[in-house]
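A.B. asks: Compute the structure for the input listed below.
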Amino acid sequence: MGMGRQKPGPPSAPICRNRRDRSGSTLEFFHHPQPTLSGRDREILKKLAPEYGDPLCPGSGHEFLSLLPQVSNHLAADEKDFARRLRNISRHDLEYLVRLILDGSESIVCISPENIVELAGYVADTLSLEEAERIMELYMNSDPC
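C.D. replies: Residues are numbered from 1 along each chain as shown. Predicted structure coming up:
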């Protein structure tokens, strides 16, 4: 079984930072390192977008933190193309992505409404209606992108 998203180098736990506010009081906050794509994520990206093997976001030049928003917003021509791309991944890969979506590691917030419907439909057809409903619930209860 593959690993999920990787944190960039040790430590994987939140990093504690101390700062002083204007009054001189010490403030403590935590910085959570952004995950990077795992080897499995990169393999799935090759299936979703074989023409685009570079995990850098065309808009920002930074490495993708999630796969589906990038495919939805930058690589798929429309919802039919997005649906076609989803069908290029195996059931096992879809299970992996759904697990990441449900644990918050894979963002779906910035996926277009048309594409989230395609994703949920594919999950319902391939895995389960319950998981599709959970994905739609997460999407509907998220702050807009």
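A.B. asks: Glu118 against Glu79, yeah?
C.D. replies: Yes - using Cβ atoms under 8 Å, Glu118 makes contact with Glu79 at a distance of 5.3 Å. In this view, the C-beta of every residue, glycine as well, is placed from N, C-alpha and C.
A.B. asks: Looking at the two, which one has more neighbours?
C.D. replies: Taking neighbours as other Cβ atoms under 10 Å, Glu118 and Glu79 compare with Glu118 leading, 24 against 17.
A.B. asks: Tell me the pLDDT of that one.
C.D. replies: Looking at Glu118, its pLDDT stands at 97.
A.B. asks: and Ser107, how many neighbours?
C.D. replies: Residues contacting Ser107 under the criterion other Cβ under 10 Å number 18.
A.B. asks: Kindly apply the preceding question to Val71 instead.
C.D. replies: 22.
A.B. asks: now it, nearest residue through space, not along the chain?
C.D. replies: Leu48 (5.0 Å; Cβ to Cβ, 6 or more residues apart in numbering).
A.B. asks: tell me the contacts of that neighbour?
C.D. replies: 67, 71, 75, 85-86, 88-89 (Cβ atoms under 8 Å, 6 or more residues apart in numbering).
A.B. asks: How about Ser66?
C.D. replies: 105-108.
A.B. asks: Generate a markdown table for those, with secondary structure, distance to Leu37 and pLDDT as supplementary columns.
C.D. replies: Formatted as a markdown table, the contacts of Ser66 follow (DSSP: H, G, I helix; E, B strand; the rest coil; distance: Cβ to Cβ, whole Å; pLDDT from 0 to 100):
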| residue | secondary structure | distance to Leu37 | pLDDT |
| --- | --- | --- | --- |
| Ser105 | coil | 11 | 90 |
| Glu106 | coil | 11 | 92 |
| Ser107 | coil | 13 | 91 |
| Ile108 | coil | 16 | 95 |
